[in-house]
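Novice: Here's a sequence, model it:
(4 chains)
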There are 2 protein chains.
Amino acid sequence: MTEWEDIESTEKLTEKQKLIIQAAIESFAEKGFAGTSTSTIAKKAGVAEGTIFRHYKTKKELLISIVIPVVKHFLTPFIVRDLNKVLDQTYHSFEDFVRAMFHNRKVFIEKNKKTIKIILQEIPFHEELRDIFKRYVATEPISKVLEIIRHFQEKGELIEGSPYTILRLAASSIAGYFIARHIVAPEVAWNEEEEIEATIAFIMRGIGS
Amino acid sequence: MTEWEDIESTEKLTEKQKLIIQAAIESFAEKGFAGTSTSTIAKKAGVAEGTIFRHYKTKKELLISIVIPVVKHFLTPFIVRDLNKVLDQTYHSFEDFVRAMFHNRKVFIEKNKKTIKIILQEIPFHEELRDIFKRYVATEPISKVLEIIRHFQEKGELIEGSPYTILRLAASSIAGYFIARHIVAPEVAWNEEEEIEATIAFIMRGIGS
DNA sequence: CATAAAAATGAGTGATTACTCACTCTAATA
DNA sequence: TATTAGAGTGAGTAATCACTCATTTTTATG
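Specialist: Next comes the predicted model:
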């Protein structure tokens, strides 16, 4: 129901604050940040408009507070753990690693679908969002994935060539699955498991050696 | 300079109208449709605000008039022509077809970069845009590409399986190139030809048989 | 040059915007 | 029960919004 609460359940939020966040997530996802007024959010949440500004100094601060926990949990905690699983050979092949990531992040993406939609929609317009994204996704997690790619290149399991290029090709295919599944053709009946396996097979044929 | 004029150069537009369209493209691309005011566009174009509404009944009509010609020319005229080239064997292989499309559409995408950015940003918020996209991209061109895929499947050049899945995988890889090149990492120095060839090789290893 | 049509103008419209603030309510503690 | 601090309120504010319209300027044609 609430896309949000399970992520930062430790934080103590007022009942009304949760209503505000839920209403904001739905409104921002549907109409965009600039297309949503604070009075709309207040009405949808069933609170007074002033209540929003008691908890968040500005409308933008509300957006940031929604986005931050999802960006934080999108890759960081798993990539580091998975790098260790690669190094201690819990994952015997790159394919094992890709398959684990795919299924693991699938659950997260589907649980935080609306917030991720907001992030994709708003990132071109807010420098702060770009900074948050760089901080929690574009630096450490990416360098860890590059390490993993190099590891399997050295084992001769992946083709040679720039790890950045290999990352781009694999990431495009995986992102393409989720974008097709949830944005381009959400109403189509999908055989999810079949499509996921086809995507993994495509990636491995493309960059395996 | 103007992303626009070469597409519909036949249409007779006022000097001021061209300025308005150019200013609107830049503003919408940078701040989004909802984040751009008509007074901002007027100032940037160096015209009175009333002039905008003399030519376009509403702000949204201005958006549509910018977007339509680019969507119209994105795939339709080339896919039909290329299907014939496939059938009369001007393209001897699927790889030839993919390479031709890639380079051909690359020029178009780079020429209409800002407008394409606007389309991607605004399509979730405007039903009219989705209708235009369905009309000019999602129906005829896609069914033609599926025909081409089936053609090369029958020749044994592509793997078997759902043509939709094959299309999704190839399109993800190609779109991933342009998104990485122009949105995710536009400031990075790219060896374009090398990356394009790596992408085509990836696709062909992934779906070739 | 005279005339008419089209293009352009900019002050003005009511509605809506994000945000403020003086005030009330609620619940926990002494 | 009295006190107090934070939560919640909603009317109010100045700024900005998309859009209008009476008027002026430009352009094309005789």
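Novice: hey, let's count contacts and neighbours off CA atoms from now on
Specialist: Will do.
Novice: what's the residue nearest the centre of chain A in contact with, if anything?
Specialist: What sits nearest the mean C-alpha location of chain A, by C-alpha atoms, centre = their mean, is A:Phe74, with 4.5 Å. A:Phe74 is in contact with A:Arg105, A:Phe108, A:Val137, counting by C-alpha atoms under 8 Å, 6 or more residues apart in numbering or on different chains.
Novice: Could you identify the buried members of those?
Specialist: Neighbour counting over the contacts of A:Phe74 (16 or more other C-alpha atoms under 10 Å in any protein chain shown) leaves A:Val137 as the buried ones.
Novice: The contacts of A:Phe74 in helices, which ones?
Specialist: Per DSSP state H, helices hold the following members of the contacts of A:Phe74: A:Arg105, A:Phe108.
Novice: Next, format the contacts of A:Phe74 as a markdown table and append distance to chain B.
Specialist: Output for the contacts of A:Phe74, formatted as a markdown table (distance: C-alpha to the nearest C-alpha, whole Å):
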| residue | distance to chain B |
| --- | --- |
| A:Arg105 | 18 |
| A:Phe108 | 21 |
| A:Val137 | 12 |
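Novice: and which of the contacts of A:Phe74 is nearest DNA strand C?
Specialist: Distances from DNA strand C to those, taken as C-alpha to the nearest atom of the strand, are shortest for A:Val137 (27.3 Å).
Novice: Distance check, the closest one against DNA strand D.
Specialist: Using C-alpha to the nearest atom of the strand, to the nearest Å, A:Val137 is found at 31 Å from DNA strand D.
Novice: contacting residues around that residue?
Specialist: Neighbouring residues of A:Val137 by C-alpha under 8 Å, 6+ apart: A:Val71, A:Lys72, A:Phe74, A:Leu75, A:Thr76.
Novice: How many residues are close by A:Pro141?
Specialist: Residues near A:Pro141, counting by other C-alpha atoms under 10 Å in any protein chain shown, number 20.
Novice: Then A:Asp131?
Specialist: 13.
Novice: Pull the distance from the lowest-mean-pLDDT helix or strand in chain A to the chain's centre.
Specialist: One helix or strand of chain A scores below all others by mean pLDDT, DSSP states H and E: helix A:76-87, with a mean of 84. Distance, stretch centre to chain centre, for helix A:76-87: 17 Å (C-alpha atoms, centre = their mean, to the nearest Å).
Novice: what comes into contact with it?
Specialist: A:Tyr91, A:His92, A:Phe97, A:Tyr136, A:Val137, A:Glu140, A:Pro141, A:Lys144, A:Val145, A:Ile148.
Novice: now do 6 Å
Specialist: With C-alpha atoms under 6 Å, 6 or more residues apart in numbering or on different chains as the test, helix A:76-87 has contacts from A:Tyr91, A:Pro141.
Novice: repeat for stretch A:19-32
Specialist: The contact list for stretch A:19-32 (C-alpha under 6 Å, 6+ apart) reads A:Ile41, A:Lys44, A:Ala45, A:Lys114, A:Ile118, B:Phe125.
Novice: What's the per-residue pLDDT of the third one here?
Specialist: Just to be clear, that refers to A:Ala45. Looking at A:Ala45, its pLDDT is 96.
Novice: returning to that earlier point: can I get the contacts of stretch A:19-32 in TSV including neighbour count and secondary structure?
Specialist: What follows is these, written out as TSV (neighbours: other C-alpha atoms under 10 Å in any protein chain shown; DSSP: H, G, I helix; E, B strand; the rest coil):
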residue	neighbour count	secondary structure
A:Ile41	24	helix
A:Lys44	16	helix
A:Ala45	20	helix
A:Lys114	19	helix
A:Ile118	22	helix
B:Phe125	16	coil
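Novice: Quick one: name the residues of chain A near chain B.
Specialist: By C-alpha under 6 Å from any C-alpha of the partner chain, the residues of chain A that approach chain B are A:Lys31, A:Ala34, A:Gly35, A:Phe125, A:Ser172, A:Ser173, A:Gly176, A:Phe202, A:Arg205, A:Gly206.
Novice: Just the buried residues of the least confident helix or strand of chain A, please?
Specialist: Within helix A:76-87, the residues scored as buried using 16+ other C-alpha under 10 Å are A:Thr76, A:Ile79, A:Asp82, A:Leu83, A:Val86.
Novice: again with stretch A:91-109
Specialist: By 16+ other C-alpha under 10 Å, the buried positions in stretch A:91-109 come out as A:Tyr91, A:Phe94, A:Glu95, A:Phe97, A:Val98, A:Met101, A:Phe102, A:Ile109.
Novice: Where does pLDDT dip in chain A?
Specialist: Where chain A drops to pLDDT under 70, the residues are A:1-11.
Novice: Helices along that one, start to end?
Specialist: According to DSSP H, the helices that chain A contains are A:15-31, A:38-45, A:49-55, A:59-74, A:76-87, A:94-111, A:113-122, A:127-133, A:140-154, A:163-179, A:192-207.
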